[in-house]
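In: mind looking at a prediction? Sequence and model below.
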Amino acid sequence: MFMINIDIEKCTGCEECINICPVEVFQLGPDGKTDPFQAGECVGCMSCVEVCPVQCIEVVEM
Ligand code: SF4
Ligand code: SF4
């Protein structure tokens, strides 16, 4: 199981994480920022961490 922490102040809503996640963890929230609404599906591939241009995603194994 993985915990996804987003520094929401830094998120620009570029959707890179939404597009790259193989298990569709993210959606764009009403505030125009990423929302890890299916965090429970995360497989810990770290693609979102690597792709985020402002490095605001942290994925931690629990
Ligand atoms: S680590 Fe991989 S599976 Fe988990 S949210 Fe990021 S892209 Fe999706
Ligand atoms: S890749 Fe980073 S900046 Fe872009 S929407 Fe995802 S969390 Fe926000």
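Out: Sure, I can see it. Ligands and ions are numbered 1, 2, ... in the order given.
In: tell me the contacts of the residue lying closest to Gly40 once chain neighbours are set aside?
Out: Nearest residue to Gly40 in three dimensions, chain neighbours excluded: Met1, at 7.5 Å (Cβ to Cβ, 6 or more residues apart in numbering). The way it works is simple: take the backbone N, C-alpha and C, and place the C-beta from them, glycine included. Met1 makes contacts with 40, 42, 61-62, as judged by Cβ atoms under 8 Å, 6 or more residues apart in numbering.
In: can we see that at 10 Å?
Out: 39-40, 42, 44, 60-62 (Cβ atoms under 10 Å, 6 or more residues apart in numbering).
In: buried ones from those residues, can you make that a ChimeraX selection?
Out: In ChimeraX, this line selects whichever of those come out buried by 16 or more other Cβ atoms under 10 Å:
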select :39,42
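In: out of the contacts of Met1, list just those in strands.
Out: 60-61 (DSSP state E).
In: ok, of the contacts of Met1, which one's closest to ligand 1?
Out: Cys42 (3.3 Å; Cβ to the nearest ligand atom).
In: and the protein, which of its residues are near ligand 1?
Out: Proximity of the chain to ligand 1, by Cβ under 6 Å from any ligand atom, involves residues 2, 4, 20-23, 25, 42-48, 59.
In: out of the residues you listed, grab the one that's most surrounded.
Out: Cys48 (24 neighbours; other Cβ atoms under 10 Å).
In: shouldn't Cys11 be in contact with Ile18?
Out: No - Cys11 sits out of contact with Ile18 when judged by Cβ atoms under 10 Å, with a separation of 11.0 Å.
In: overlap in contacts of those two?
Out: In contact with both Cys11 and Ile18: 34-35, using Cβ under 10 Å, 6+ apart.
In: residues of this protein that sit close to ligand 2?
Out: Selection of the chain residues close to ligand 2 by Cβ under 6 Å from any ligand atom yields 6, 11-17, 34, 51-52, 54, 56-57.
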